[in-house]
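S.K.: compute the structure for the input listed below.
(one chain, ligands or ions: 1)
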Amino acid sequence: MADVVVIGSGVGGLSAAVRLAARGLSVDVLEAGDRVGGKLGVRVIDGVEVDTGPSVLTLPEALDDTLRVAGTSLRDELSLREPDPAFRYLYPDGVALDVFVRPAETLESVRRTLGAQAADDMAGFLRYAGRIWDAAAPHFVYGPAPSPGNLARGGIASLALLPRIDPLRRMWGAIRGRVRSPHLRWLLARYATYNGSDVRRAPATLNCIAHVELAMGGYGVEGGMYEVARALARAAERAGARIHTGARAERVVTGGGRVRGVETADGRQWPADAVVGNADAAHVFGDLLPRGSVRRAAAAPSMSGWVGIVRARRRTGADVRVAHTVLFPATYLDEFADIFDRDRPPVEPTVYLCAQEACHGRAGWAGEEPVFAMANAPAEPAAGPRDPAAWSALRDTVLERMRAAGLRDGDDALAWERTPSGLADAFPGSRGSIYGAASNSPLSAFRRPPNRVPGVGGLYLASGSAHPGGGVPLCILSGAAAAHAVLADRRGILTSRDTAK
Ligand SMILES: Cc1cc2nc3c(=O)[nH]c(=O)nc-3n(C[C@H](O)[C@H](O)[C@H](O)COP(=O)(O)OP(=O)(O)OC[C@H]3O[C@@H](n4cnc5c(N)ncnc54)[C@H](O)[C@@H]3O)c2cc1C
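M.R.: Numbers count the residues shown, from 1 in each chain. I've put the predicted structure just below:
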């Protein structure tokens with residue numbers, strides 16, 4: 001009998017496992033797939049390993065904190081890279097704007113490319129975004145799941161917080177109010193997609209994402225992003241957790257109003273005092289628990305994405321590829337209208353490219369390098385998968401846009417692809433969405449499932465579909481919050497943090 005069974009070895013599940021095992025609990029991690037990492041994925045194509053999921057690491061201190069709990073550290077496990085430049089934004093009017101890991105270099109680049117007024121606006125916007133982060137992060141990222149109740153209990157302090165986090169305006173309205181350059185407006189609007197939301201509807205609070213990447217830093221990881229999953233898995237095992245791949249949880253066994261363990265698809269029972277669901281919350285609630293155990297209104301999913309790996313001729317010298325390239329379409333906001341209003345793949349998508357050699361120092365093939373290509377897309381309809389023709393049209397558009405920008409030769413082949421339908425199949429309950437529910441309302445943060453599931457004793461959530469949300473660092477924090485709740489409940493102590501819920 002384990003103390004805790006974790007369902008899923010995505011970032012949130014591994015992070016919870018590290019913290020629980022390091023505190024001396026007996027932890028089994030059940031992973032349906034044949035490797036750890038979940039959406040932080042990897043493929044081997046003709047002998048070359050490539051990342052198929054995240055390509056930018058932000059808030060590395062969240063990872064470091066978790067590794068330290070297991071007696072190691074980020075510095076011991078990984079090497080971060082600061083690609084120079086980090087991003088190149090290519091606009092339809094021919095403007096090319098480079099962005100760097102260090103904000104001073106970014107501001108200088110904005111000044112050189114767009115002029116002094118744009119650089120001043122950018123500096124002002126980053127100060128504004130930094131203020132939001134400083135005010136919001138303790139409550140919405142690092143704290144327990146926020147609720148109207150705990151805000152009300154916060155009284156004056158909570159009221160004072162509100163104007164600082166700008167929740168009543170929309171991201172796009174706040175960007176337009178503060179930044180005059182249309183080029184910068186698009187660059188800043190794109191941060192809504194970092195949690196799969198609609199810049200026209202998401203609360204301006206999410207402008208703090210720009211601060212996280214542009215001021216705090218977006219890093220590459222030597223050898224590839226998958227090294228993050230490997231480091232977390234090593235730390236979990238070092239702390240004593242047992243990771244079982246090929247072990248699909250079929251149901252969470254309950255009795256007397258609490259969990260009793262997990263049954264896997266092979267019929268094996270995994271009795272446990274506590275279960276941490278790293279699988280999508282909709283899968284845990286809808287498929288794994290007995291029907292009706294948890295009632296939640298269905299939330300609108302965040303964006304999905306079409307993803308491909310292009311085996312591209314290696315460029316050298318002046319032609320060398322930039323780590324990240326963003327090819328904007330003719331009118332950027334149409335993409336959000338296609339995805340969120342018309343529920344269809346964008347007709348003119350923004351194309352995001354990550355040259356994995358330049359970004360992560362990944363070694364490609366002789367003569368060719370792996371280029372990760374991505375276009376945002378709607379999640380799958382609740383009723384079932386979309387016509388595959390929609391995805392082949394999106395794929396063709398992405399490849400043609402790369403070619404037109406001079407970033408793909410005619411014979412550079414698409415070596416691998418995953419459509420939103422493929423993502424939905426791989427991650428049950430997700431409908432292919434990448435970041436859990438969309439944050440298209442000021443109330444989204446309050447509606448996200450908390451890490452301790454009310455009504456089912458001993459059940460916890462640690463994933464991008466639970467508090468505090470998606471993206472690698474937030475999932476790491478989700479695992480930390482779930483582990484904190486497990487440990488607090490085991491001690492039978494309601495800490496002041498928990499009492500506030
Ligand atoms: C294409 C793409 C690009 C991205 N880019 C970035 C980026 O640049 N930066 C960033 O920070 N984030 C990025 N993300 C988001 C980030 O990858 C995710 O938010 C994060 O990895 C999700 O982690 P998670 O903890 O929610 O677990 P998941 O990754 O969702 O993993 C859940 C795990 O549970 C397993 N599972 C599900 N059901 C069962 C079951 N019944 N039994 C056993 N196991 C089960 C699954 O197999 C999976 O391994 C990207 C994601 C994608 C897909």
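S.K.: mind listing what's buried in stretch 152-167?
M.R.: Leu161, Ile165, Asp166, Pro167 (16 or more other Cβ atoms under 10 Å). Placement of C-beta: from N, CA and C, glycine included.
S.K.: for that stretch, what is the distance to the chain centroid?
M.R.: Between the centre of stretch 152-167 and the centre of its chain there are 27 Å (Cα atoms, centre = their mean, to the nearest Å).
S.K.: what about that stretch, average pLDDT?
M.R.: Across stretch 152-167, pLDDT averages out at 79.
S.K.: for the stretch 351-500 of the chain, what are the low-confidence residue spans?
M.R.: The model of the stretch 351-500 of the chain has pLDDT under 70 over residues 493-500.
S.K.: spell out which parts of it neighbour the ligand.
M.R.: Met374, Phe427, Pro428, Ile434, Tyr435, Ser463, Gly464, Gly470, Gly471, Val472, Cys475 (Cβ under 6 Å from any ligand atom).
S.K.: which ones among the residues you listed lie within strands?
M.R.: Among those, the members falling in strands (DSSP state E) are Met374.
S.K.: Gly492: neighbour count?
M.R.: Residues near Gly492, counting by other Cβ atoms under 10 Å, number 6.
S.K.: check contacts around it.
M.R.: If you count contacts by Cβ atoms under 8 Å, 6 or more residues apart in numbering, Gly492 has none.
S.K.: who wins on neighbours among the residues of the stretch 351-500 of the chain next to the ligand?
M.R.: Neighbour counts for these, by other Cβ under 10 Å, peak at Ser463, which reaches 37 neighbours.
S.K.: now that residue: phi and psi?
M.R.: phi -170, psi 180 (degrees, to the nearest 10).
S.K.: which strand or helix spans the nearest residue to it once chain neighbours are set aside?
M.R.: Sequence neighbours aside, Gly12 is the residue nearest to Ser463 in space, at 4.3 Å (criterion: Cβ to Cβ, 6 or more residues apart in numbering). Mapping Gly12 onto the secondary structure by DSSP states H and E places it in helix 11-22.
S.K.: what's the average pLDDT for that helix?
M.R.: 98.
S.K.: what's the angle from the helix or strand that it is followed by to helix 11-22?
M.R.: Per DSSP H and E, the first helix or strand lying C-terminal to helix 11-22 is strand 27-31. Strand 27-31 runs at 160 degrees relative to helix 11-22, counting by axes from the mean of the first three to the mean of the last three Cα atoms, to 10 degrees.
S.K.: with just CA atoms, put strand 27-31 into CSV.
M.R.: The C-alpha coordinates for strand 27-31 follow below in CSV (Å, rounded to 0.1, in the frame of the first residue of the first chain):
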residue,chain,number,x,y,z
VAL,A,27,4.8,7.3,-3.8
ASP,A,28,3.9,5.4,-7.0
VAL,A,29,3.6,7.3,-10.3
LEU,A,30,1.4,5.6,-12.9
GLU,A,31,2.0,6.8,-16.4
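S.K.: ok, that strand: who's next to it in the sheet?
M.R.: strand 2-7 (parallel), strand 242-245 (parallel) (DSSP bridges).
S.K.: number of residues surrounding the nearest residue to Ala298 once chain neighbours are set aside?
M.R.: The shortest distance from Ala298 to any non-neighbouring residue, by Cβ to Cβ, 6+ apart, is to Ala382 (7.0 Å). With neighbours defined by other Cβ under 10 Å, the count for Ala382 comes to 8.
S.K.: run through the helices of the stretch 251-400 of the chain in chain order.
M.R.: With DSSP state H, counting those that start in this stretch as the criterion, the stretch 251-400 of the chain has helices at 281-283, 333-336, 356-360, 388-404.
S.K.: dump those helices into JSON lines; add mean neighbour count and distance to Ile175 as well.
M.R.: Formatted as JSON lines, the helices of the stretch 251-400 of the chain follow (neighbours: other Cβ atoms under 10 Å; distance: least, Cβ to Cβ, whole Å):
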{"stretch": "helix 281-283", "mean neighbour count": "22", "distance to Ile175": "30"}
{"stretch": "helix 333-336", "mean neighbour count": "20", "distance to Ile175": "11"}
{"stretch": "helix 356-360", "mean neighbour count": "24", "distance to Ile175": "26"}
{"stretch": "helix 388-404", "mean neighbour count": "17", "distance to Ile175": "24"}
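S.K.: now distance to Pro203 too, for those, in a markdown table please.
M.R.: Formatted as a markdown table, the helices of the stretch 251-400 of the chain follow (distance: least, Cβ to Cβ, whole Å):
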| stretch | distance to Pro203 |
| --- | --- |
| helix 281-283 | 21 |
| helix 333-336 | 15 |
| helix 356-360 | 31 |
| helix 388-404 | 28 |
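S.K.: so which of those helices gets nearest Pro301?
M.R.: Nearest to Pro301 among the helices of the stretch 251-400 of the chain is helix 281-283 (8.9 Å), distances taken as Cβ to Cβ.
S.K.: quick check: residues of the stretch 101-250 of the chain near the ligand?
M.R.: When proximity is defined as Cβ under 6 Å from any ligand atom, the stretch 101-250 of the chain approaches the ligand at Arg248, Ala249.
S.K.: can you give me the strands for the stretch 101-250 of the chain?
M.R.: Assigned by DSSP state E, counting those that start in this stretch, the strands in the stretch 101-250 of the chain fall at 220-221, 242-245, 249-255.
S.K.: what's the spacing between the residue nearest to Ala298 and Ser304?
M.R.: As judged by Cβ to Cβ, to the nearest Å, Ala382 and Ser304 stand 13 Å apart.
S.K.: Gly124 now?
M.R.: According to Cβ to Cβ, Gly124 and Ser304 sit 34 Å apart.
S.K.: okay, the two: which has more neighbours?
M.R.: Using other Cβ under 10 Å as the criterion, Gly124 and Ser304 rank with Ser304 on top: 27 against 12.
S.K.: mind listing what the more buried one touches?
M.R.: 196, 376-380, 420, 423-424, 431-434.
S.K.: now, those that are in strands?
M.R.: Asn376, Ala377.
S.K.: Phe340 against Arg201, yeah?
M.R.: Yes. If you go by Cβ atoms under 8 Å, Phe340 and Arg201 touch, sitting 7.3 Å apart.
S.K.: which of the strands paired with strand 27-31 sits most buried?
M.R.: Neighbour counts (mean count of other Cβ atoms under 10 Å) averaged over each of the strands paired with strand 27-31 peak at strand 2-7, with a mean of 27.
S.K.: okay, angle between that one and strand 249-255 too, please.
M.R.: Angle, strand 2-7 to strand 249-255, by the same axes, to 10 degrees: 140 degrees.
S.K.: strand 2-7 and the ligand in contact?
M.R.: Yes. Counting by Cβ under 6 Å from any ligand atom, the ligand has neighbours in strand 2-7: Ile7.
S.K.: now do that strand: distance to the chain's middle.
M.R.: Its chain's C-alpha centre and that of strand 2-7 lie 24 Å apart, by Cα atoms, centre = their mean.
S.K.: hmm, who's touching it?
M.R.: Taking Cβ under 8 Å, 6+ apart as the rule, strand 2-7 contacts 13, 16-17, 20, 25-30, 241, 249, 252, 261-262, 270-279, 284, 288, 462, 486, 490.
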